[in-house]
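Enquirer: Fold the following for me, if possible:
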Amino acid sequence: MSILRQIPTILVLALLAAIGYWGHESGWKAPKFTELWGVSPTEKDDWCEGHGVPDSKCIACRPELGGADPKDWCKEHGVPESKCTICHPEILTKGKSDDWCGEHGVPESQCTICNPDVAVKGQSPASESEAKVSLDPAAKPAKSPLTCQTHAMRVQFASAEAVRKVGVKVEAVQERPMPAYVRANGEIEYDPTRVARVSARVSGTVCCVDKEIGQSVKKGDVLALVDAAEVGRAKSALLEAVALVDVKEKALKRIQASAESGFRTQAELQEAEAALREARVRLFNAQQSLINLGLDVRAEDLAKLSEGKLAEHVRLLGLPDAAAKSAHARTLTANLIPVAAPLDGVVIAREVVAGEVVDSSKMLFIVADVRRMWLALDVRLEDAGALALGQTVVFRPDGSPDAAATGQLTWISTAVDEKTRTVKARADFDNPEGRLRAHMFGTARITVREAAKAVAVPNDALHWEGCCHVAFVRAADDVFHVRKVRLGAKTGMFTEILVGLLPGEVVATQGSYVLKSQILKSTLGATCAE
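Expert: Residues are numbered from 1 along each chain as shown. Have a look, this model is predicted:
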């Protein structure tokens, strides 16, 4: 009877032993539904549990499928073992990878300029978006691009349908117009070569002021009249010199006639000639004194006038026609001298009133030609290297973004501002309608390059890897290669690729951060986290 009571215990122990044996043989995996019904699978399951893709297509487990050497492959990080800087950090001590194109700054195996056959062409709908352009700001690398081996990695999905489900979209690399711009803040200024600060030529008292601030003037227009005693003395000296020359000329003629008749000696003739030359020198000096005062005097014009008209002409010399023809012209003093506009422009400042005593050191008016203006620019130091004389500059004033003006870059400073650390530059603008006003602030866009065709990709396709920019090139429907690229001009939606991609290749765009997360995940583990 005791033996019978021990039978259940024996059966339980036997069952546990059988379960342990089965678990050891099956790896403790539950049987599939078909096996429970006694139906054997026709073929082995084609699935890689470690990488979530079909085992027969897993390039991580079977690197030879992607053209890699299975004997030289790091399965943990998905790169060739000989290039894995995580497993073999001693590679970094070389300072430079063996696979590096020094001329173009990308890995030699991915340099599309030296080796255009590396491109993987495909078909994808092209983008039709357009946007404005600006230069891509340079990023400082967190690690050396010379030793980084990220470009050796590949990302594989279970299927093309899996790529679609995670939201990864692809687009073809294409050629498009890609002008490059530099943006800078600017301020409109008067052209200093077209601004005149006007003062009186002699000391005196302001008699009247004819122009006000904002009035347009022509070259030679009278701005004000100044009563100066020095002017009266200069005019008097001119009249005396004219009369003296006339007397000496008549005396010389009489002596010449008498000398021919024998009544005058040769010495007397020479004295008369010398006296005439002296009188003419005095006339020249008197004439030059008035010219220095800004009064136009011509000896040949004076010689044609009668004695009465000569005095009237000299007294009103330089006065505007309206004053010379007025009813009070005969009562005007000969001491008046006009203050005239030296150029066509607008009176932008007036610092004088009638009755004020002035001298040659006091500024009375400022006249500016506003038909041409300057734009003073502050360009970032990192953008200054792209500037060149003659480049087109488009200026948009603050508050009036639609009132754009176009000019040309005419000067670039050779120094960096000590306070702002920017480079000064200047552009010239035609301003025929006067829309640009001095001290107007705004933003300028300088076209530093015009490219009718440039290799470009959507901005979503590019990622900063830590030392360089990368894109993900589709090698198959479910496989993407990491491609290092060098960037050029950037728009709101597109970026120029200088090296690394060729037209016709297909890259991941929207949702490509999923692929970046995969290569970042491969660097984690083995006590390593970048």
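
Enquirer: What ranges does the stretch 301-450 of the chain have for its helices?
Expert: For the stretch 301-450 of the chain, the helices defined by DSSP state H, counting those that start in this stretch occupy 307-315, 321-324, 381-384.

Enquirer: among the ones you listed, which gets the worst mean confidence?
Expert: Looking at those, the lowest mean pLDDT belongs to helix 321-324 (a mean of 67).

Enquirer: any chance of the helices of the stretch 301-450 of the chain in JSON lines, with distance to Val247 too?
Expert: C-beta: built from backbone N, CA, C; applies to glycine. As requested, those are exported to JSON lines (distance: least, C-beta to C-beta, whole Å):
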{"stretch": "helix 307-315", "distance to Val247": "12"}
{"stretch": "helix 321-324", "distance to Val247": "29"}
{"stretch": "helix 381-384", "distance to Val247": "72"}
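
Enquirer: Tell me how many other residues crowd Gly355.
Expert: 10 (other C-beta atoms under 10 Å).

Enquirer: Kindly report the same for Gly399.
Expert: Neighbour tally, Gly399, other C-beta under 10 Å: 9.

Enquirer: next one: the one 10 residues further on
Expert: Using other C-beta under 10 Å, Leu409 has 24 neighbouring residues.

Enquirer: Tell me the confidence at it?
Expert: Per-residue confidence (pLDDT) for Leu409: 96.

Enquirer: List the beta-bridge partners for it.
Expert: In this entry, Leu409 is beta-bridged to Ala427, by DSSP bridges.

Enquirer: Contacts only, for it.
Expert: Contact analysis of Leu409 by C-beta atoms under 8 Å, 6 or more residues apart in numbering lists 387-393, 425-427, 446.

Enquirer: so which of the helices of the stretch 301-450 of the chain gets nearest Ala368?
Expert: Nearest to Ala368, of all the helices of the stretch 301-450 of the chain, is helix 321-324, at 25.0 Å by C-beta to C-beta.

Enquirer: so how far is Leu317 from the residue nearest to Glu171 when sequence neighbours are not counted?
Expert: Take Glu171 and drop its neighbours on the chain: the residue closest to it by C-beta to C-beta, 6 or more residues apart in numbering is Thr509, 4.6 Å away. Using C-beta to C-beta, to the nearest Å, Thr509 is found at 80 Å from Leu317.

Enquirer: can you check Arg437 too?
Expert: 38 Å.

Enquirer: Neighbour count: those two, which is higher?
Expert: Neighbours per residue, other C-beta under 10 Å: of Arg437 and Leu317, the larger number sits with Leu317, 21 against 12.

Enquirer: Tell me which residues touch the nearest residue to that one once chain neighbours are set aside, please.
Expert: If the residues on either side of it in the chain are set aside, Leu317 comes closest to Leu295, at 5.1 Å by C-beta to C-beta, 6+ apart. By C-beta under 8 Å, 6+ apart, Leu295 lies in contact with 231, 317-318, 337.

Enquirer: Quickly name whichever of the residues you listed is closest to Ile255.
Expert: Leu317 (33.6 Å).

Enquirer: For that closest one, give me phi and psi.
Expert: phi -60, psi 130 (degrees, to the nearest 10).

Enquirer: what sits against it?
Expert: 235, 290, 295-297.

Enquirer: Tabulate these (JSON lines), appending distance to His481.
Expert: Output for the contacts of Leu317, formatted as JSON lines (distance: C-beta to C-beta, whole Å):
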{"residue": "Lys235", "distance to His481": "93"}
{"residue": "Leu290", "distance to His481": "87"}
{"residue": "Leu295", "distance to His481": "85"}
{"residue": "Asp296", "distance to His481": "83"}
{"residue": "Val297", "distance to His481": "88"}
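
Enquirer: most surrounded residue in the residues you listed?
Expert: Most surrounded of the contacts of Leu317: other C-beta under 10 Å gives Lys235, at 26 neighbours.

Enquirer: was I right about that residue contacting Ala334?
Expert: Yes. Counting by C-beta atoms under 8 Å, Lys235 touches Ala334, with 5.2 Å between them.

Enquirer: what residues do those two have in common as contacts?
Expert: By C-beta under 8 Å, 6+ apart, the residues touching both Lys235 and Ala334 are 314-315.

Enquirer: So in the chain, where's the weakest helix or strand by average pLDDT?
Expert: strand 133-135 (a mean of 34; mean pLDDT, DSSP states H and E).

Enquirer: How far does stretch 291-310 sit from its chain's centre?
Expert: 57 Å (C-alpha atoms, centre = their mean, to the nearest Å).

Enquirer: what about that stretch, start to end distance?
Expert: Start to finish, the residues bounding stretch 291-310 are 17 Å apart (C-alpha to C-alpha, to the nearest Å).

Enquirer: what's the answer for stretch 222-235, then?
Expert: 19 Å.

Enquirer: in it, what counts as buried?
Expert: 222-228, 231-232, 234-235 (16 or more other C-beta atoms under 10 Å).

Enquirer: What is the three-state secondary structure of the residue nearest the centre of the chain?
Expert: Here the mean C-alpha position of the chain is nearest to the C-alpha of Val182 (C-alpha atoms, centre = their mean), at a distance of 2.7 Å. Following DSSP: H, G, I helix; E, B strand; the rest coil, Val182 is assigned to strand.

Enquirer: who's in contact with it?
Expert: 134-135, 379-380, 383, 386-387, 445-446, 448.

Enquirer: how about those residues, which pair is most distant?
Expert: By the measure C-beta to C-beta, Ser134 and Leu387 form the most distant pair in these, at 14.3 Å.

Enquirer: who's more crowded, the two?
Expert: With neighbours defined as other C-beta under 10 Å, Ser134 and Leu387 compare such that Leu387 has more, 19 against 16.

Enquirer: contacting residues around that one?
Expert: 182, 379, 409, 412, 423, 425, 446, 448 are the contacts of Leu387 under C-beta under 8 Å, 6+ apart.

Enquirer: Against Val168, how distant is it?
Expert: Distance, Leu387 to Val168, using C-beta to C-beta: 40 Å.

Enquirer: Please apply the same query to Leu16.
Expert: Taking C-beta to C-beta, one finds Leu16 at 50 Å from Val168.

Enquirer: before we move on, what about Val499?
Expert: From Val499 to Val168 the distance is 24 Å (C-beta to C-beta).

Enquirer: Would you map out the domains in this structure?
Expert: Recorded structural domains for the chain (assignment: automatic domain parsing) are 2-36, 81-179+452-522, 181-191+369-449, 229-334.

Enquirer: distance between the last one and the chain's centre?
Expert: Relative to its chain's centre, domain 229-334 lies at 63 Å (C-alpha atoms, centre = their mean).

Enquirer: which regions of the stretch 301-450 of the chain sit below the pLDDT cut-off?
Expert: Where the stretch 301-450 of the chain drops to pLDDT under 70, the residues are 322-331.

Enquirer: hey, where'd the strands end up in it?
Expert: 336-340, 345-350, 357-358, 363-368, 372-380, 392-397, 405-416, 422-430, 441-449 (DSSP state E, counting those that start in this stretch).

Enquirer: Read off the pLDDT value for Ser203.
Expert: 93.

Enquirer: Likewise for Lys75?
Expert: With respect to pLDDT, Lys75 has a value of 67.
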